[in-house]
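Colleague: take a look and give me a structure for this.
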Amino acid sequence: MKGLKIICATRETQDSFYENSLLGKAIKSTYKEYGFHLHIFFENSKGLSECYNIGISQADEDDILIFVHDDIAISDFFWVKNVFIGLERFHMIGVAGNRRRIKNQPAWPFIKFDQENKKWTKDKSKNLSGMVGHGNAFPCDLSIYGQPEQQCALLDGVFLAARKRTFIERGIKFDERFKFHFYDMDICRQFEQNGLSMGTVPISIVHTSGGNFGTPDWLSAYKIYLDKWE
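Modeller: Next up is the predicted model:
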C-alpha cells in the first residue's frame, strides 16, 4: 500500500523468511493485495535500533512506518485501516501497552523485578491496554491486558507504527545502545519527552515468542536504560 512501509529485521535468509517466519508468510499471502513497501533486513546481525534507524532514514517523507518482529502473524484483514485510524489520534501506536509509567519500571506490563528471586510484579489490569495472541497458529492462546484504544505511556515493541515525519520533525531516533531489549521503552520515553501521544489499537496478532526478560543481555540493557532515564 502506497505510503505504508514494513520494517523488520530477521536472521532468516530471504527465501526462508517467506517460507518459515510468521510475518513472512503473512506478507507473502497479502503483499499483492496491499502492495506494502518492505524494508526487511535478511540474515541480520545488527541491533533492532540500528535497523529501525536505517529504515526511517530510507523511507519516503510521507510514509507510515511499521516496526514489527518477524515472529508474529497479523491475523487481521482490516489491520491497515486500524493503523490509519490509530495514527489520526496518536503519534505512535501499538497493540499493547501500559497507561502509566513509574520510576525504575522494568518492562511495560511489570512495575517491579526482584532480581534475587527472579520474581516479577505485574501492574494492575486497570493500567494495561490491548491484547496479544500467542503460539504458531490460530486459534491461539490470548493475553487480554485491557481495553484497547487507550492512551499509553509505554507500548510493547512487538508492533509499533508512526509516521516518518514525526521522527524527523522532532529529531527522534532509536537509541542504538539498545540492541533488542528496552528499545521500545526508550522510544516511548523519547515520545513522551517530546509531548507526543501514544496509544493502543485493536489489531489482531499472534506472537511466537514470550520475550527474554531477566537474561544477562536484558539486565545489561536495563542498566543502560536506568542510567539514561531514572
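
Colleague: contacts only, for the residue positioned nearest the centre of the chain.
Modeller: Residue closest to the average C-alpha location in the chain (Cα atoms, centre = their mean): residue 157, at 2.3 Å. Remark: with contacts taken as Cβ atoms under 8 Å, 6 or more residues apart in numbering, residue 157 is in contact with 48, 67, 69, 94, 183, 184, 187. Using the backbone N, CA and C atoms, a C-beta is placed for each residue, glycine as well.

Colleague: would you mind giving those as TSV with pLDDT added?
Modeller: Below are these laid out as TSV (pLDDT from 0 to 100):
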residue	pLDDT
48	97
67	98
69	96
94	98
183	98
184	98
187	98
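
Colleague: those in helices, which ones?
Modeller: Counting by DSSP state H, those place 48, 183, 184, 187 in helices.

Colleague: by mean pLDDT, flag the weakest helix or strand of this protein.
Modeller: helix 22-34 (a mean of 79; mean pLDDT, DSSP states H and E).

Colleague: what lines up beside whichever helix or strand comes after that helix in the sheet?
Modeller: Toward the C-terminus, helix 22-34 is succeeded by strand 37-41 as the next helix or strand (DSSP states H and E). When pairing is defined by DSSP bridges, strand 37-41 lines up against strand 4-9 (parallel).

Colleague: between the partner strand and helix 22-34, how many degrees?
Modeller: Following axes from the mean of the first three to the mean of the last three Cα atoms, to 10 degrees, one obtains 160 degrees for the angle between strand 4-9 and helix 22-34.

Colleague: quick one: name whatever helix or strand follows strand 4-9.
Modeller: Using DSSP H and E, the first helix or strand after strand 4-9 is helix 14-20.

Colleague: list the contacts of that next one.
Modeller: Helix 14-20 is contacted from outside by 10, 12, 23, 24, 25, 27, 28, 40, 42, 70, using Cβ under 8 Å, 6+ apart.

Colleague: ok, 10 Å please
Modeller: By Cβ atoms under 10 Å, 6 or more residues apart in numbering, the surrounding residues in contact with helix 14-20 are 8, 10-13, 23-29, 31, 40-43, 70.

Colleague: and what of stretch 131-147?
Modeller: Stretch 131-147 is touched from outside by 22, 71-73, 75, 94-99, 108-109, 122-130, 148, 152, 156, 158-159, 200, 202-210, with contacts defined as Cβ under 10 Å, 6+ apart.

Colleague: please convert the buried members of these into ChimeraX selection syntax.
Modeller: Selecting only the buried members of the contacts of stretch 131-147 in ChimeraX, with burial defined as 16 or more other Cβ atoms under 10 Å, works like this:
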select :22,71,72,73,75,94,95,96,97,98,99,108,109,123,127,128,129,130,148,152,156,158,159,200,202,203,204,205,206,207,208
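
Colleague: which of the contacts of stretch 131-147 fall in helices?
Modeller: Cross-referencing the contacts of stretch 131-147 with the helices (criterion: DSSP H) gives residue 22 as the overlap.
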